[in-house]
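# predicted structure and sequence below. I'll ask about it afterward.
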Amino acid sequence: MAQPDPEAAAKAEFAAPKTRSTTDQIILSIIQVWAGVFLAILILVFVISIPLVSGSSVSFLTVRNSQNILVAITPILLLGLGQTFVIISGGIDLSVGWVMSFASVISALALREAYNAGLALPLAVVVGFGTAVIGSGFVGFLNGVIIAKLKVPPFIVTLGMSFIVRGAALLMSENTTVIGLPRGVRDYGNESLLYFIRGEGGGFYFFTKPEISGEMLRRMDRIISYPVLVTVIVVAISIFVLRRTKFGRHTYAIGGNREAAVRAGVPVDRHIIKLYMLSAATAGIAGFLSMLRFTAGSAVIGDPLLLSSIAAVIIGGVSLFGGSGSLVGTVIGSLIIAVLTTGLVMLNVQSFWQFIVVGAVVILAVLIDQSRDMIKNKIETR
Amino acid sequence: MRKLTKLGAVAALTVALSSGAALSQEMDGITIGFLPGVVDPFYQVMELGVNAAAAELGITVITQIPPTWGVEVQTPILDAMVARGDIDYLVIAPTDKDQMVGPLQNALEAGIKIITVDTFLGDGDYADGPVTFPLSYIGSDNVEGGRISARGLAKAIGGEGKVYINSTNPNVSSVEGRAIGFNEVMDNEYPDIEVIGLDFNLDDMNTAVQQTAATLERVPDLAGVFGTNVFSAQGAGTAVVNAGLGGAVQVVAYDATKFAIEQLREGVVSLVLAQKPFDMGYLAVSFAAADAAGVTSLPVRVETGFAIIDIDNVDDPEVARFIYQVPE
Amino acid sequence: MQDDPILSIRNLTKKFGGLTAVDDFSLDVFPGEVVALLGDNGAGKSTVIKCVSGVHTPSAGAISFEGEVVHFSRPIDARTKGIETIYQDLALANNLDVPGNVFLGREVEKRYLGGLIRPLDNKFMLSETQQALSTLHVEIPSLQVPIETLSGGQRQAVAIARAVYWEARLMIMDEPTNNLGVPEQKKVLELINKLRERGVPVILISHTLPEVFAVSDRLVVMHRGRKVTEKKVSQTNSEEVVQYMVGALDDTRQTAPAE
Ligand SMILES: Nc1ncnc2c1ncn2[C@@H]1O[C@H](COP(=O)(O)OP(=O)(O)O)[C@@H](O)[C@H]1O
Ligand SMILES: [Mg+2]
């Protein structure tokens, strides 16, 4: 009796692997890439309609416009970046907007003090960067510890933290704006890696802005401004980390089944703390870059960006329940938002329409996410 | 609306000051509450004016500054000030011309006389308008500020070309008035200037940059931008400079904060319009003192006027004194 | 069963506030045997194995593993010692693929630039997973899809393969055939037999008596947190075991309790 019938056991097989009907398969693959398709359609619509509406000399697809859009997405993308990690892990970080403001203020103060104390400008900029990252990283550390160790829901912790950080930013800034930054800071936030002058007497210039004036200025394209460069580097590293490393794998595992991750020996609490630190630090970089760009620390600069960045993450297909999503999606989501703003202004359409479209796309994104689950469940319960 | 000149204000001020010394004994009892709209350099300079007048006249001032702009933030502070029971006059910048009427009426019924600075209640006409209970409205006229900005910008671009407005939010009386005045002048006085549009950046500098950059794509021969507040102008100016058009496209900024002046020196903005918040604060306290002394001919509207600052006159002390100098 | 026990639970008690989930429970498990832990819902079975696997800390009593007293405060402590648990709720990350689950928490990395860049060695983990599954004669068509697309039995097999790959010294399975179709249940039982052949002892929690009698050597019945009997399967039968499970029989009492 203790021995099972080996014959019977040997014959036993697993249920047939799940198969999907072709229609479901097609729907699923469309769902996979819809945001990218939507972005492509959006660009196409603007490319066609803008010359019709605003005159044939106006074109959406210019080098300068593409650079404008890239510059415009940097803060949304940087905020969305850490947020993507956090949401994949099943959390949420509502403090990133104000952390960005906070970082902008403290990095401006640090840069100014360092410069006034006699440090060379490049070093003072580095001091500002370090202050932004460390200061906001500390805020993220507090978020993470309270969430992971004290088990307070992330929504509450980061909401509360956003108020605290907001207060700190307003108190430390001199009436919302830290000014008096050294001359030359502007260049770090606004100059580019590459310049190209179109037409006569033109050409490429690396690193140094060509000394030109007058009409030639209008023919100059700035390609990859420094904030864009920094953002591209940060995004590239993050994509690698999320897709290819243990850190990324654990992020997905915690979002997929936190209990399973705990039992498998993933240091879940420590990982969650790191995630909120990452999220705050990328917001800190966004704050630092905007400080350079506007040559001032602003205690309110990041506030309006929080919701846009979350919208970008959701449009990009990151599930708010955690466990799935990608950074490429977030990049596409950010692009959709920025392309909309620029395109609508170029069409001379009241820019508030942007909100209506973004709102609709966010809801569409969630609907699509749900229908994906529905199709999967359909197979599950077949 | 009855137009009152600066002369009227000066007259009233003289009354207040000349009686100041004689009245200072009686003044001992007077307490003034000062409740501006939000923490910012503009109101801080106004506070300096309030304190200067109060010191000269021996008046106690209780100042409360809301951390953010809004009726919901200002009203509880107002109620708390009323509840103190020791305030005789309230110098306030109402954060909404309609919604703040009720709370201020309550203050009035508690025996507090109201003077509004910078912003107004109703339509700002306390003689014949829908709201008449405040003593006076002391502030620069935003519509007039828009007109002056328009003339300044028109001059800078040589009287012709396309211009664009970047503003914060719709339905805010201050920035709305500025845009109205700006459009009015461009329509009536400058036939060769076309206002090609207005965008709202919702107080987001990043959006202001993006909108202006996109507008520069749409209208490559844009000649000028009017930023209805410092940050709109700063965002617009950043886009202009980054498009390589610094100096070629003129940018006007409303309000002479130190940040705006810094941006003027950096070449991001080309013109800065200064209001006179110090005057507003100083006059408001003087008016309260005069009223307490029994003066009955105080003007119900005082327009404090503007100064235009550009890179050529920014170092001229006559002009530089209008920069909002906030103590660190 | 002359060997020393691999696992020895002595007078284990676990309280949740006022509730005593496990009451003075003792059990020995010897190498190469399959012990079934039986009892009605709420009898305390899961709590016993959670104490052994480090999810809970006992309120009283001692647990010895391979001769030494152990105090696990986290599941990873138990896993490090070689106690692998397959939970009722599976404890797999459904959004990860098969190697992702097998190596969860013990991922293998490549190292570049002196360890500065450490991408996952997915190729290695995939081939190891393939091997582990094939030693168990488990076939899963595609290993690189999220395991939520696998059948319940296949997921169970992934969990077992994970335990085997990490050289479990003791395997605990909490209702492993729950929610599985009959053919899949058989496959899992076959895997349990494979574990026994490899000398890995198994504690099996199950409600399905035929299954218990098919694979177990010994069975222990719990009732209201207490062990009410312990028998070789050859010395008992389903009817008797049910009597113990519902509390009608109790070896620790002289007389049957009044209902
Ligand atoms: N984490 C817990 N907190 C409080 N009570 C628990 C907990 N886990 C189990 N219990 C209780 O302990 C008793 C035994 O549960 P359990 O060990 O899950 O039983 P079984 O696995 O035999 O069905 C039940 O009454 C259950 O409600
Ligand atoms: Mg159980």
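Cool, got the structure. Every value quoted in this text rests on a predicted model; they were computed, and no experiment measured them. Ligands and ions are numbered 1, 2, ... in the order given.

# look through the chain and tell me its longest helix.
Going with chain A. Assignment by DSSP state H gives helix A:22-54 as the longest helix of chain A.

# nope, chain C please
helix C:182-197.

# does chain A have contacts with that helix?
Yes. Using CB under 8 Å from any CB of the partner chain, helix C:182-197 reaches chain A at C:183, C:184, C:185, C:186, C:187, C:189, C:190, C:193. Heads up, the C-betas are built off the backbone N, CA and C, glycines and all.

# what about the helices in the stretch 1-150 of chain A?
Assigned by DSSP state H, counting those that start in this stretch, the helices in the stretch 1-150 of chain A fall at A:6-11, A:22-54, A:63-88, A:96-116, A:121-148.

# about what we covered before: now the longest helix of chain C: buried residues?
Within helix C:182-197, the residues that count as buried by 16 or more other CB atoms under 10 Å in any protein chain shown are C:184-196.

# ok, of the residues you listed, which one's closest to residue A:326?
For the buried residues of helix C:182-197, the residue nearest residue A:326 by CB to CB is residue C:184; the value is 32.7 Å.

# right, and the closest one touches residue C:138 too?
No. Counting by CB atoms under 8 Å, residue C:138 is not a contact partner of residue C:184; they are 11.3 Å apart.

# tell me which helix or strand residue A:195 sits in.
strand A:192-197 (DSSP states H and E).

# how far away is residue C:239 from chain B?
According to CB to the nearest CB, to the nearest Å, residue C:239 stands 74 Å off from chain B.

# which ones are touching the spatially closest residue to residue C:138 that is not a sequence neighbour?
Leaving aside its sequence neighbours, residue C:138 sits nearest to residue C:157 (CB to CB, 6 or more residues apart in numbering or on different chains; 4.4 Å). For residue C:157, the contacting residues are A:14, C:133, C:136, C:138, C:140, C:187, C:188, C:191, by CB atoms under 8 Å, 6 or more residues apart in numbering or on different chains.

# would you turn those into TSV with distance to residue A:62 and pLDDT?
Listed next are the contacts of residue C:157 as TSV, based on distance: CB to CB, whole Å; pLDDT from 0 to 100:
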residue	distance to residue A:62	pLDDT
A:14	57	60
C:133	55	89
C:136	61	79
C:138	58	82
C:140	52	88
C:187	62	82
C:188	63	83
C:191	63	85
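
# next, format these as JSON lines and append distance to residue C:16.
Shown next, in JSON lines, are the contacts of residue C:157 (distance: CB to CB, whole Å):
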{"residue": "A:14", "distance to residue C:16": "37"}
{"residue": "C:133", "distance to residue C:16": "38"}
{"residue": "C:136", "distance to residue C:16": "36"}
{"residue": "C:138", "distance to residue C:16": "37"}
{"residue": "C:140", "distance to residue C:16": "38"}
{"residue": "C:187", "distance to residue C:16": "35"}
{"residue": "C:188", "distance to residue C:16": "30"}
{"residue": "C:191", "distance to residue C:16": "32"}
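
# which member of these is positioned nearest chain B?
residue C:140 (49.1 Å; CB to the nearest CB).

# what does the stretch 1-150 of chain C put close to chain A?
C:53, C:55, C:74-76, C:79-80, C:85, C:87, C:89-96, C:100, C:104-107, C:109, C:118-120, C:138-142, C:148-150.

# again with the stretch 51-200 of chain B
Near chain A, when you scan the stretch 51-200 of chain B using CB under 8 Å from any CB, you find B:67, B:196, B:197, B:199, B:200.
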